[in-house]
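Colleague: sharing a model that was predicted from the sequence below.
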Amino acid sequence: MLSIILMGPPGAGKGTNAKRIASEYKIPHISTGDMFREAIKNKTPLGELASSYINQGLLVPDEVTIGLVKERLSKADCDKGFLLDGFPRNIAQAEALSKIGEEIKKPINYVINLVVDETILIDRISGRRVCKTCGAPYHIKTMKPSKEGICDLCGGELYQRKDDNEETLKSRLHEYHLQTEPLIEYYKSLNVLRDVNGSQDLDVLFNEIKEILKGE
Ligand code: AMP
C-alpha cells in the first residue's frame, strides 16, 4: 500500500509532481481541486456550490469535501494506494482522513511537503496555464508548450484558471497560512512529514521523492 499526501501552498507544484509520482507508481492521482473543476465544467450541483468558494479563493466546506474524498478512496482502484493532492487542507480534514483510513483500511504512509518561497509562488501562479482537456500544467515562461496555447500531450486548448488572478491568489495564500500550514506541525508530530525543496529542478526533485519512497 503506497498512500501519499502531497502538500504545499498554491503554486508549489503539487499538480505537476503529483502527475509524475502517480504515473511512476501506478496509483490514482486524487486532486480535490480537479474534482471540483470537473464538477464546475459539468454544471453539477456540486460544481455550482464549489465555484462560489473557489472563485473567492476560499475553501469549499469540509462536509462536502470530506464526503467526496471518502467516496473516492473507497473505490477499488485505491486498494493498492493513492496520491492525494490538495487534501487535506485543514486539521478537521486531516482528522477525518485518518478516521476514513482506519474505516476503509487505507492508512496514509507518506506526507510530502513541497517547500517554496512566496515570491516564486506568485510568479508561478500568475503565469500558469492549464489544458482544458487533460489538465496538464504549463507556464508562459518556464514550461511553454511547443505550440502556443495548445497542449503537447493531447492537443487540448490551454487556459488560465479563473482563480489564478492576483486578487484571488491573495485570499488563497491567506487561507493556506491560516488553515493549511498548521498541518505541517500536525504531520510532523506524527513523524510522517518529509519536506522537499519545491523550487529546484523537476528531475532532481523527482529523484529526491523517489529516494523517500524507496522500497515501494
Ligand atoms: P487546487 O486545484 O488544489 O489549487 O484547488 C483549487 C480550489 O479548490 C481551492 O482554492 C479551494 O477553493 C478548492 N479546494 C481544493 N481542495 C480543497 C479542499 N481539500 N478543501 C476545501 N477546498 C478545496
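Modeller: Looks like it arrived, so ask away.
Colleague: identify the residues contacting residue 68.
Modeller: By C-beta atoms under 8 Å, 6 or more residues apart in numbering, residue 68 lies in contact with 32, 35, 46. The way it works is simple: take the backbone N, C-alpha and C, and place the C-beta from them, glycine included.
Colleague: could you report the pLDDT at the nearest residue to residue 165 once chain neighbours are set aside?
Modeller: Excluding the flanking residues, the one nearest residue 165 by C-beta to C-beta, 6 or more residues apart in numbering is residue 126, at 7.8 Å. We have a pLDDT of 93 for residue 126.
Colleague: would you confirm that residue 126 contacts residue 166?
Modeller: Yes: the criterion here is C-beta atoms under 8 Å, and residue 126 meets it with residue 166 at 6.8 Å.
Colleague: so these two - more neighbours on which side?
Modeller: Taking neighbours as other C-beta atoms under 10 Å, residue 126 and residue 166 compare with residue 126 leading, 15 against 9.
Colleague: picking that back up, how far away is the residue nearest to residue 165 from the ligand?
Modeller: 14 Å (C-beta to the nearest ligand atom, to the nearest Å).
Colleague: any idea how many residues pack against residue 51?
Modeller: The tally of other residues near residue 51 (other C-beta under 10 Å) stands at 18.
Colleague: ok, it - contacts?
Modeller: 36, 40.
Colleague: relative to residue 86, how far out is whatever residue of the chain ends up closest to the ligand?
Modeller: Closest contact between the chain and the ligand, by C-beta to the nearest ligand atom, is at residue 33 (2.0 Å). Residue 33 is 5 Å from residue 86, where distance means C-beta to C-beta, to the nearest Å.
Colleague: the more surrounded of those two?
Modeller: Neighbour totals were compared for residue 33 and residue 86, and residue 86 leads with 23 against 20 (other C-beta under 10 Å).
Colleague: residues in contact with the more buried one?
Modeller: Residues near residue 86 by C-beta under 8 Å, 6+ apart: 14, 31, 32, 33.
Colleague: make CSV from those and add distance to residue 196, pLDDT and secondary structure to it.
Modeller: Shown next, in CSV, are the contacts of residue 86 (distance: C-beta to C-beta, whole Å; pLDDT from 0 to 100; DSSP: H, G, I helix; E, B strand; the rest coil):
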residue, distance to residue 196, pLDDT, secondary structure
14, 12, 96, helix
31, 18, 97, strand
32, 21, 98, helix
33, 20, 96, helix
